[in-house]
Structure formats: structure tokens, C-alpha cells
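In: next comes the sequence, and after it the predicted model I'd like to discuss.
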Amino acid sequence: MKQLQFLIKPAAGFCNMRCHYCFYRDEQQNRSTSEDCMMTLQTAETLIRRCFAELDQGGFVSFAFQGGEPTLAGLDFFRFFTQTVRKYNQKRVTVQYAIQTNGLAVAEEWARFFREENFLVGISLDGTPDVHDALRPDASGDGTWARVMQTIELLHRYGVECNLLCVVTKQLAKKAERVYKSMKATGVRYLQFIPCLRPFKSTEQSELYMTNRQYADFLIRIFNLYVKDFVRGNY
């Protein structure tokens, strides 16, 4: 049976954080019509209608939302999206939802919605409080670790499945043990680690960018820590 996967950016590059390594800041500033980047309900419905026209009974479709910060599209947008999926899913295709969010805008209404619609929620969390707060401030320049932790606790209370996504910088690569313990303490058991990539053609020296060897060593240390915990029954 046919399977379709969609990666949707309903708020384009708009965000309520000012992450130091964000490539979208420059991209967003250079758009000729940045104010028109939010996905409209009409566009969302067109996408959904055409999607289900391509699928047969027994098929599968995945809708994954990213940003910028996708929650800036508003909860009403996501409610419209899931309601419209039900409207056009006449063949009872299997539907899967996922969203990657920084967690700042996720309040109880969002958590309830995620639970009702069976969203997999990815939360961006950069390893340790000090590094996260330094690299992922809000629009006012304030750290965000504590607020993201409150969101994770909220999702736990509502029984929402979630995972953590950590951007590994040179700073964090030196702190594998601290990163592992800190992220494990959240109670989330699915952890992802992606490297902070140097911009193309850039030779800038920065604590953001690792060598391939440093990234590999970090992943090996994380894996070994996980194996020890697993063997001891602590994971």
C-alpha cells in the first residue's frame, strides 16, 4: 500500500526563541515577503485533500510539523488540520502526527490536544541547563531551560509521548556524562543528538562547531553510558 510522509512548516522560520546557531534567522530576514509565510487554512486543506486522493484503504500517511516554531501557527490551525484530515480520510487510512517544538508555547490546551490526537512531540533541549540557557534564549534574551522543563512535566502528566532533541555543540561534546544524566533525569527515554553544523564555506572558529572526531567520541560515550544503565536495569 502507498505510504506518504509530509514535513510541514506552518510558521515557516518564525520563532519565539533566538538560538545562537539558528540558520533560519538569516533566511527569514532575507525573505521578500516574510509576513506572508504562515500557512493558510486554504493551503492546509488543499494539501490534505490531495494527500487522501492519492491513498487507498490500508495506506499510511505521516504529518510532521517543524519550524521555526510550528506552535506559532496557533492551536486553532492544528485543530483545523486534524479535523480536516478526518473529513477527507474516507478510506480509513492510518494517520500519524508528530511535531518538533521548543516547548515555550505549550500550555495545558496544547497538551490535551496532543493527547487527544496522538501526537508524538519532540522537545528541543540542549543537554545541560547552562549550555541550553546560553544558546537557546527567548526573544528577550532570557534562558528557557526551566520553562522547557515545565513543558516536559506537563506532557508527562497528560500522557503525551515525547522525545528530546539535543543540538550537540563543541561545548556539549566535552560534557557527555553531564548531558546524559541531565537529559535522562527528565524522564524521557528517547534521546536524539544532532551536530551543530558550520555554515557552508565558513571558516569561523567557535565553541559551536565540532570536528567529526569530537562528535563521534561524544556519541560513543553517550552510547556506553546507556549500555551500562540498560545492563543494570536502570533505563
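Out: Happy to help now that I have it. Please read these numbers as outputs of a predicted model, since none were measured by experiment.
In: and the top helix by length along the chain, what's buried?
Out: Looking across the chain with DSSP state H, the single longest helix is helix 212-231. Using 16 or more other C-beta atoms under 10 Å as the test for burial, helix 212-231 gives Gln214, Tyr215, Phe218, Arg221, Ile222, Leu225, Tyr226. Where you see a C-beta, it was placed from the backbone N, CA and C, and this is true even at glycine.
In: report the helix or strand with the lowest average pLDDT across the protein.
Out: When each helix and strand of the chain is scored by mean pLDDT, DSSP states H and E, helix 24-29 comes last, with a mean of 63.
In: now the element after that one, going C-ward?
Out: Downstream of helix 24-29, the next assigned helix or strand under DSSP states H and E is helix 41-54.
In: so what does the residue nearest to the spatial centre of the chain have for phi and psi?
Out: By C-alpha atoms, centre = their mean, the chain has its centre lying nearest to Gln100, at 2.2 Å. Here is the backbone geometry of Gln100 (degrees, to the nearest 10): phi -110, psi 120.
In: what sits against Arg221?
Out: Going by C-beta atoms under 8 Å, 6 or more residues apart in numbering, Arg221 touches Ala176, Glu177, Tyr180.
In: try 6 Å this time
Out: Arg221 is in contact with Ala176, counting by C-beta atoms under 6 Å, 6 or more residues apart in numbering.
In: quick one: low-confidence parts of this structure?
Out: Applying pLDDT under 70 to the chain flags residues 25-36, 200-204.
In: the strands in it, which residues?
Out: Applying DSSP state E to the chain gives strands spanning 3-8, 60-65, 94-101, 119-124, 162-168, 191-195.
In: dump those strands to JSON lines, plus distance to Phe52.
Out: Shown next, in JSON lines, are the strands of the chain (distance: least, C-beta to C-beta, whole Å):
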{"stretch": "strand 3-8", "distance to Phe52": "9"}
{"stretch": "strand 60-65", "distance to Phe52": "8"}
{"stretch": "strand 94-101", "distance to Phe52": "9"}
{"stretch": "strand 119-124", "distance to Phe52": "19"}
{"stretch": "strand 162-168", "distance to Phe52": "27"}
{"stretch": "strand 191-195", "distance to Phe52": "30"}
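In: of those, which approaches Gln205 most closely?
Out: Gln205 lies closest to strand 191-195 among the strands of the chain, at 16.5 Å (C-beta to C-beta).
In: could you give the angle of that closest one to strand 94-101?
Out: Angle between the axes of strand 191-195 and strand 94-101 is 60 degrees (criterion: axes from the mean of the first three to the mean of the last three C-alpha atoms, to 10 degrees).
In: quick one: distance of strand 191-195 to the chain centre.
Out: 11 Å (C-alpha atoms, centre = their mean, to the nearest Å).
In: quick one: contacts of it?
Out: Residues from elsewhere that reach strand 191-195 (C-beta under 6 Å, 6+ apart): Leu164, Leu165, Cys166, Val167, Val168, Met183, Tyr215.
In: neighbours of the nearest residue to Gln100 once chain neighbours are set aside, how many?
Out: The shortest distance from Gln100 to any non-neighbouring residue, by C-beta to C-beta, 6 or more residues apart in numbering, is to Gly122 (4.1 Å). Using other C-beta atoms under 10 Å, Gly122 has 21 neighbouring residues.
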